[in-house]
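Asker: Sharing a model that was predicted from the sequence below.
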Amino acid sequence: MKEFRAGLKLLTRKKCWGISAGGGGGSVIILSMGEKIPRKTPIANPHLSDDHRNFDGEMALMISCSWRLDSSDRVICSWVDDYSPGGPVLSGLKQIEQQSVERVEVTLPALDLSLHFRGNLVLRVFCDRTCSEEDPENYVLFTPRWNYTICVKSKIEREPRHMY
């Protein structure tokens, strides 16, 4: 847990330079943050931005569970909204693109996350995967050295990060 918290702390002051959402990924979203690291082999997927096809994030967060983006006075969008171009998810998440993470909170025992971005925007992640028949992960934190997967019932798994 101590190493995982240290990994989360690394997100502080990292700018979110890219968001992948919708398309073939369903309700999964990926936030790419920090430095852009050139991929050894670019991804051919035409639905991804040029940056996502050609770069990995120094850090990334892949969210497979429930999430919601809030401003200081309203709910902007959530994982159940429309992912089509111009829909609430893509236009809502666009608001955190190019914004830096100011603070990260983790709530026990579930390891729910709150990522506070500039502009009073908060991305809230709710670890709701509790049985093994469902998708096995809530979210994955990719740090420069390790991948931390928050699995069913918020069990933490750690493995070395391999860049592609």
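Answerer: Looks like it came in fine.
Asker: Which parts of the protein are strands?
Answerer: In the chain, the strands defined using DSSP state E lie at 16-21, 29-38, 55-63, 66-70, 75-78, 101-107, 112-117, 121-126, 137-142, 146-151, 156-160.
Asker: avg pLDDT for stretch 113-132?
Answerer: Mean per-residue pLDDT for stretch 113-132: 93.
Asker: List the contacts of that stretch.
Answerer: 8, 11, 16, 31, 61, 63-72, 76, 95-96, 99-107, 110-112, 135-139, 150-154 (C-beta atoms under 8 Å, 6 or more residues apart in numbering). For glycine as for every other residue, the C-beta is placed from the backbone atoms N, C-alpha and C.
Asker: got the buried residues for the lowest-mean-pLDDT helix or strand in the chain?
Answerer: None of the helices or strands of the chain scores lower by mean pLDDT, DSSP states H and E than helix 50-54, at a mean of 91. For helix 50-54, a neighbour-count test (16 or more other C-beta atoms under 10 Å) marks His52 as buried.
Asker: which other helices and strands contact that helix?
Answerer: If contacts are counted by 3 or more C-beta pairs under 8 Å, 6 or more residues apart in numbering; DSSP states H and E, helix 50-54 sits against strand 16-21, strand 29-38.
Asker: Now tabulate those in JSON lines and tack on mean neighbour count, distance to Val80 and mean pLDDT.
Answerer: Compiled in JSON lines, the helices and strands packed on helix 50-54 are given as follows (neighbours: other C-beta atoms under 10 Å; distance: least, C-beta to C-beta, whole Å; pLDDT from 0 to 100):
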{"stretch": "strand 16-21", "mean neighbour count": "21", "distance to Val80": "13", "mean pLDDT": "94"}
{"stretch": "strand 29-38", "mean neighbour count": "19", "distance to Val80": "12", "mean pLDDT": "96"}
